[in-house]
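> sequence? don't have it. structure:
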Ligand SMILES: C[S@@+](CC[C@H](N)C(=O)[O-])C[C@H]1O[C@@H](n2cnc3c(N)ncnc32)[C@H](O)[C@@H]1O
């Protein structure tokens, strides 16, 4: 064993890597606790900002200590996402590469669960832009949907596909993020167990998988579109060598991202194509290990297929009129019924949804509004958290912190009210979910699978 119980050969394997300072790196692992950072939701105003901002992301903030997020109702209402600071660099790349804000873009987050970078992309784009958030592993899709539901936007489609399925949607996306599965050395400080998984053989396996993922998704990128590639590995094989491979095998050029020296990020160039990359080392940055690079597709080699729009089932216009009452600016949305549930997605994304539905396994599109029972809406949890709910149409009940925690536990709550019917349950004005107010009791509709099960810590947030 060596310093800090790093895996055998790990430190030696990094000795030649750009910007690697062995002493500083080991000291950062031995002496510095992993910093806690959050990224606030720009669409849900809250007073969570702290004095120390993450330098490369305007919405990122460091916290002095790690509170119990589970017991903070604002976490459940989607006012912020707990995210490691280095990962927020993707925001900086997205903003730099977005030159024309007037033209809507389509972004794919290919390896998206649990959704940290998807919520980040969602904050960086506008409602006329589209985010497709994909996760290959079925069991990881629910957490991705939950995190996106909390963010509250109606311009996201979640799919559950293998990267190869995207090769059929030629030239569809303006930007693709591949936050690739990797050997995970960048997370050693946060997750010491990851060290047991590390080996040189695994680094090589990861590299092969990364190449396969990138080759599969490449056709889906538009000409002049950007590919953002990131890993939480320090290994050269998974980073600079992959960037070189992309430049060699595909028609791509490297994009240099401006950074400030005081950020502590190490800019690297790949040996063969001199392509830029950005390395984050704990000890040099206040964050964990990350590698990121951005490339631009030079020329479309295949001819673009013409996408035909599928014919639609005859829409139940009367039902749509009922649904629309619950939505702010209702004409801005396209309403779609899947089984018995009504969903709304920005009207601008209807055609994209048609195309994607023909090629992908769609798990969520826009916001689920709920089911109609006669003339009544049984509202969905997604509607409660969404930014587009027409709050004039529904009852709202403000809860204090204890009532909010009871609600989030799905316990019985006692409140003094004469109101009756479906009500949003709010904390500090932010919706947590639905309850039905009945003459002699309150039915709690907070989703069972999301309820707080843990015991409250002695001091919560
Ligand atoms: C680094 S994690 C993504 C983290 C996520 N982008 C975020 O910010 O929350 C990599 C993801 O890739 C997925 N994955 C694993 N194997 C894959 C494959 N062969 N193709 C595509 N994705 C894969 C994993 O399930 C995991 O969700």
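Happy to help now that I have it. No experiment lies behind these values; they were computed from the predicted model shown.
> which residues are there in the stretch 1-150 of the chain that come within reach of the ligand?
For the stretch 1-150 of the chain, the contact set with the ligand under CB under 6 Å from any ligand atom comprises 111, 112, 113, 114, 115, 116, 117, 135, 136, 137, 140. All C-beta atoms are positioned from the backbone trio N, CA, C, and that covers glycine.
> any chance of those residues in JSON lines, with secondary structure too?
Compiled in JSON lines, these are given as follows (DSSP: H, G, I helix; E, B strand; the rest coil):
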{"residue": "111", "secondary structure": "coil"}
{"residue": "112", "secondary structure": "coil"}
{"residue": "113", "secondary structure": "coil"}
{"residue": "114", "secondary structure": "coil"}
{"residue": "115", "secondary structure": "coil"}
{"residue": "116", "secondary structure": "helix"}
{"residue": "117", "secondary structure": "helix"}
{"residue": "135", "secondary structure": "coil"}
{"residue": "136", "secondary structure": "coil"}
{"residue": "137", "secondary structure": "coil"}
{"residue": "140", "secondary structure": "helix"}
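> filter the residues you listed to the buried ones?
Among these, those buried by neighbour count (16 or more other CB atoms under 10 Å) are 111, 112, 113, 115, 116, 117, 135, 136.
> which residues does the fourth one contact?
Just to be clear, that refers to residue 115. Residues near residue 115 by CB atoms under 8 Å, 6 or more residues apart in numbering: 81, 133, 143, 144, 146, 147, 148.
> how about it, phi and psi?
Main-chain dihedrals, residue 115, degrees, to the nearest 10: phi 120, psi 10.
> thought residue 385 was touching residue 426?
No - using CB atoms under 8 Å, residue 385 is not in contact with residue 426; the gap is 11.3 Å.
> And those two? Which one has more around it.
Ranked by neighbour count (other CB atoms under 10 Å), residue 385 and residue 426 place residue 385 first, with 24 against 20.
> Against residue 441, how distant is the more buried one?
According to CB to CB, to the nearest Å, residue 385 and residue 441 sit 24 Å apart.
> and what of residue 172?
50 Å.
> now do residue 229
As judged by CB to CB, residue 229 and residue 441 stand 54 Å apart.
> can you pull the contacts of residue 395?
So residue 395 contacts 419, 421, 422, 423, 424, 437 (CB under 8 Å, 6+ apart).
> Neighbours of the third one, how many?
A count of nearby residues for residue 422, using other CB under 10 Å, gives 19.
> what are the phi and psi angles of residue 186?
The phi/psi pair for residue 186 (degrees, to the nearest 10) is phi -60, psi -10.
> Number the chain from 9, please
Noted, 9 is the first residue going forward, which turns the last one into residue 194.
> need the contact list for it.
The neighbours of residue 194, taking CB under 8 Å, 6+ apart as the test, are 94, 239, 240, 241, 242, 288, 296, 297, 298, 299.
> My read is that residue 68 contacts residue 89, right?
No - using CB under 8 Å, residue 68 makes no contact with residue 89, being 9.8 Å away.
> shared neighbours of those two, which are they?
46, 47.
> where do the strands sit along the stretch 9-158 of the chain?
Secondary structure of the stretch 9-158 of the chain (DSSP state E, counting those that start in this stretch): strands located at 44-48, 68-71, 88-90, 114-117, 138-142.
> and the second one, average pLDDT?
Averaged over strand 68-71, pLDDT sits at 96.
> So which other helices or strands are in contact with it?
If contacts are counted by 3 or more CB pairs under 8 Å, 6 or more residues apart in numbering; DSSP states H and E, strand 68-71 sits against strand 44-48.
> Contacts for the strand it packs on, please.
Under the contact criterion CB under 8 Å, 6+ apart, strand 44-48 has outside partners 54, 56-57, 62, 65, 67-71, 73-74, 87-93, 96, 127-128, 131, 295.
> Now do the contacts for the residue nearest to residue 82 when sequence neighbours are not counted.
Closest residue to residue 82 apart from its sequence neighbours, by CB to CB, 6 or more residues apart in numbering: residue 54 at 5.7 Å. By CB under 8 Å, 6+ apart, the contact list for residue 54 reads 48, 82, 87, 88, 436, 438.
> Quick check: of the buried ones among the residues of the stretch 9-158 of the chain next to the ligand, which lies closest to residue 402?
Nearest to residue 402 among these: residue 123, at 26.6 Å, using CB to CB.
> so how far is residue 200 from that closest one?
In this view, residue 123 and residue 200 are 24 Å apart by CB to CB.
> likewise residue 58?
Distance, residue 58 to residue 200, using CB to CB: 27 Å.
> ditto for residue 399
Going from residue 399 to residue 200 by CB to CB gives 45 Å.
> what does residue 381 give?
51 Å.
> thinking again about what came up before, residue 225: which of the contacts of residue 403 is nearest?
Using CB to CB, these come closest to residue 225 at residue 432, 39.2 Å.
> Mind checking what helix or strand follows the strand or helix carrying the closest one in sequence?
Residue 432 is part of strand 429-435 when elements are defined by DSSP states H and E. Next helix or strand after strand 429-435 toward the C-terminus (DSSP H and E): strand 438-445.
> and the angle for that next one with strand 429-435?
Counting by axes from the mean of the first three to the mean of the last three CA atoms, to 10 degrees, strand 438-445 lies at 150 degrees to strand 429-435.
> quick one: low-confidence parts of the stretch 159-308 of the chain?
308 (pLDDT under 70).
> Pull up the residues of it that are close to the ligand.
Near the ligand, the residues belonging to the stretch 159-308 of the chain are 171, 187, 189, 217, 221 when assessed by CB under 6 Å from any ligand atom.
> Can you flag the buried ones in those?
In those, the ones that pass as buried (16+ other CB under 10 Å) are 171, 187, 189, 221.
> I figured residue 33 hits residue 291, correct?
Yes - if you go by CB under 8 Å, residue 33 and residue 291 touch, sitting 5.6 Å apart.
> per the record, what domains does the protein have?
According to automatic domain parsing, the chain comprises the domains 11-305, 323-384, 402-469.
> Can you tell me the strand partners of the helix or strand harbouring residue 304 and which way each runs?
Residue 304 belongs to strand 298-305 when assigned by DSSP H and E. Here strand 298-305 has these sheet partners by DSSP bridges: strand 229-239 (antiparallel), strand 260-263 (antiparallel), strand 284-288 (antiparallel).
> what distance separates the last one from the centre of its chain?
Spelled out, it's strand 284-288. 21 Å (CA atoms, centre = their mean, to the nearest Å).
> Compare residue 381 and residue 200 (neighbour count), which wins?
Between residue 381 and residue 200, counting by other CB under 10 Å, residue 200 is the more crowded of the two (12 against 9).
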